[in-house]
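# Build the 3D model from these lines:
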Amino acid sequence: MPKKALIITYYWPPSGGPGVQRWLKFVKYLPDYGIHPVVYIPENPSYPLVDQSLLNEIPEEVTILKQPIREPYKLAELFSKHASKTISSGVIPKEKKQSSIQKLMLYVRGNYFIPDARKGWVKPSVSYLSEYIKQHNIKTVITTGPPHSLHLIGLQLKATLGVTWIADFRDPWTTIGYHKKLKLTASAAQKHLRMEKEVLATADHIIVTSENTKKEFSAKSDQPVTVITNGYDHQKLPNTIKDQNFTIAHIGSLLSERNPTVLWKALGELIKEQKEFSDTFELKLIGVVSDDVLQGIQKYIPDTHITVVGYVTHQEAIVYQRQSQMLLLIEINSEDTKAIIPGKLFEYMVAETPIIAVGPPDTDVARILKSTNTGRYFEYDAASELKTHLDSCFKDYKASSLVTHPIGLQQYSRKVLTKKLAELI
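You can find the predicted model right below:
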């Protein structure tokens with residue numbers, strides 16, 4: 001008989017965006033290692049992004065459990081649908097540009113919904129799952145956050161049933177960039193820290209997605225911490241032809257502070273200085289784009305060179321990755337984002353498309369790009385180096401030699417990563 005593992009997750013198809021991919025893929029491959037996944041999800045979630053195509057990727061043999069959830073964001077939509085959707089998707093405008101309703105929503109979210117807006121799902125979930133675990137003799141429970149309130153479900157199940165509990169952190173908790181924007185009172189901030197400390201001290205094993213997060217959590221807890229990054233899956237795609245234009249594409253959300261002026265300025269200068277560059281360059285933005293970022297780009301790059309595609313399905317995103325001449329990855333220039341490795345990085349790496357990344361110093365992303373030979377990483381103050389690299393890539397594009405020569409990618413395949421997870425269960 002295969003071993004059972006109960007996986008508690010908020011994001012599940014038809015949710016779109018990066019949060020769903022990690023555990024959808026783990027669930028796909030866990031049966032190959034003798035583990036039957038039982039996935040517990042909300043029955044009526046409020047997802048800011050929806051991708052119906054992902055429903056086709058759910059394995060038939062997986063057991064799905066659903067229970068109702070009260071969604072505060074649905075109530076918030078009565079006041080402002082736009083503000084509720086943008087905040088729930090993580091796009092928070094700069095403070096000086098926030099409307100009164102946005103400021104109120106952020107204050108309420110930060111101080112009345114601790115650790116997050118799904119806190120109301122904890123109590124009924126513990127009640128329902130306690131009976132299910134006893135009836136089906138489940139020994140291992142896995143919680144994945146954000147939302148980090150799901151870890152509180154694991155915390156209580158551990159306390160009452162003595163199950164083995166693995167806490168998976170796709171992002172940090174109190175050091176994630178948006179945490180500081182929630183207008184927290186001192187008492188609310190302390191409550192977050194207390195909850196985080198209790199979860200980290202009680203889980204039997206902690207999984208994180210980056211070495212920097214491992215370093216952070218190892219300083220806060222004596223429990224074992226293992227890095228299992230996100231990864232790529234082998235996709236069956238129609239043959240794609242590279243764009244004729246010199247296209248640089250960013251795929252995914254561009255939050256307000258993912259706004260590297262150094263990059264937009266370098267591209268703007270090349271447009272002005274080189275007619276051939278101007279004639280062929282196109283910046284493609286695929287996904288949710290903050291107004292702040294779009295306005296920042298338009299200061300340097302004419303609208304005629306910008307294509308805003310908006311949100312697309314995961315399958316369409318992969319096609320864009322392979323069609324583009326270059327792929328852009330941007331992280332906020334902050335100490336808090338050093339540990340963030342966007343899930344799309346690994347799909348970028350197998351897209352046979354050179355990557356250009358901009359972010360803070362000493363990041364896991366920079367290390368991975370260098371070790372796999374899949375792109376170049378630049379800090380926010382590297383103006384001349386960035387412009388020189390862009391110009392060099394454009395020359396390679398003209399010579400039909402803009403290619404990648406990756407090494408060591410197999411370690412990031414979803415199946416290899418799932419084997420590492422299975423060894424912990």
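
# show me where pLDDT drops low in the chain?
73-100, 102-103, 177-181, 237 (pLDDT under 70).

# Kindly list the longest strand within this structure.
If you go by DSSP state E, the chain has its longest strand at strand 35-42.

# Return the list of strands paired to the following helix or strand past that one, each annotated with direction.
The element immediately downstream of strand 35-42 (helix or strand, assigned by DSSP states H and E) is strand 63-67. Sheet pairing of strand 63-67 (DSSP bridges) gives strand 35-42 (parallel).

# Take the strand it pairs with, keep the C-alpha atoms, and write them as PDB.
This file holds the C-alpha atoms of strand 35-42, laid out as PDB (Å, rounded to 0.1, in the frame of the first residue of the first chain):
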ATOM      1  CA  ILE A  35       3.300   8.200  -1.900                       C
ATOM      2  CA  HIS A  36      -0.500   8.800  -2.400                       C
ATOM      3  CA  PRO A  37      -1.300  12.500  -2.200                       C
ATOM      4  CA  VAL A  38      -4.500  13.700  -0.500                       C
ATOM      5  CA  VAL A  39      -4.900  17.300  -1.300                       C
ATOM      6  CA  TYR A  40      -7.100  19.600   0.900                       C
ATOM      7  CA  ILE A  41      -8.300  22.800  -0.700                       C
ATOM      8  CA  PRO A  42     -11.000  25.500  -0.300                       C
END
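
# how far is it from where the chain is centred?
21 Å (CA atoms, centre = their mean, to the nearest Å).

# Identify all contacting residues around it.
2-10, 12, 23, 26-27, 30-31, 61-69, 118, 121, 125, 129, 136, 138, 422, 425 (CB atoms under 8 Å, 6 or more residues apart in numbering). Glycine gets a C-beta too; all of them are placed from N, C-alpha and C.

# quick check: domain ranges of the chain?
Here the domain assignment for the chain is 3-75+113-228, 246-409, based on automatic domain parsing.

# who's in contact with residue 369?
Residue 369 neighbours (CB under 8 Å, 6+ apart): 345, 355, 357, 375, 376, 377.

# Turn those into a markdown table, including distance to residue 194 and neighbour count.
Shown next, in a markdown table, are the contacts of residue 369 (distance: CB to CB, whole Å; neighbours: other CB atoms under 10 Å):
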| residue | distance to residue 194 | neighbour count |
| --- | --- | --- |
| 345 | 33 | 26 |
| 355 | 39 | 22 |
| 357 | 35 | 24 |
| 375 | 40 | 24 |
| 376 | 42 | 19 |
| 377 | 36 | 20 |
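
# re the thing from before, quick one: which of the contacts of strand 35-42 sit in helices?
Within those, residues falling in helices by DSSP state H are 23, 26, 27, 125, 129, 136, 422.

# and the gap between the closest residue to residue 113 other than its chain neighbours and residue 132?
Nearest residue to residue 113, sequence neighbours excluded (CB to CB, 6 or more residues apart in numbering): residue 119, at 5.7 Å. For residue 119, the distance to residue 132 equals 21 Å [CB to CB, to the nearest Å].

# More neighbours: which of those two?
A direct count of neighbours by other CB atoms under 10 Å for residue 119 and residue 132 places residue 119 higher, at 18 against 15.

# ok, back up a step: make sure the residue nearest to residue 113 is actually in contact with residue 151.
No - applying CB atoms under 8 Å, one finds residue 119 not in contact with residue 151, separated by 11.2 Å.

# and the gap between the residue with the largest distance to the centre of the chain and residue 305?
Residue farthest from the centre of the chain, counting by CA atoms, centre = their mean, is residue 275 at 37.2 Å. Remark: distance between residue 275 and residue 305 (CB to CB) = 13 Å.

# repeat for residue 393
16 Å.

# cool, residue 68 as well?
Taking CB to CB as the measure, residue 68 falls 48 Å from residue 305.

# got it, and residue 121?
For residue 121, the distance to residue 305 - CB to CB - is 45 Å.

# Likewise for residue 175?
Counting by CB to CB, the separation of residue 175 from residue 305 is 36 Å.

# Any idea how far apart the tips of stretch 359-367 sit?
Stretch 359-367 has an end-to-end distance of 12 Å (criterion: CA to CA, to the nearest Å).

# Contacts for that stretch, please.
So stretch 359-367 is contacted by 210-212, 329-335, 337-342, 345, 357, 377, 379-380 (CB under 8 Å, 6+ apart).

# Let me see the ranges of the strands in the stretch 151-300 of the chain.
In the stretch 151-300 of the chain, strands defined by DSSP state E, counting those that start in this stretch lie at 164-169, 205-208, 225-227, 246-251, 281-286, listed in chain order.
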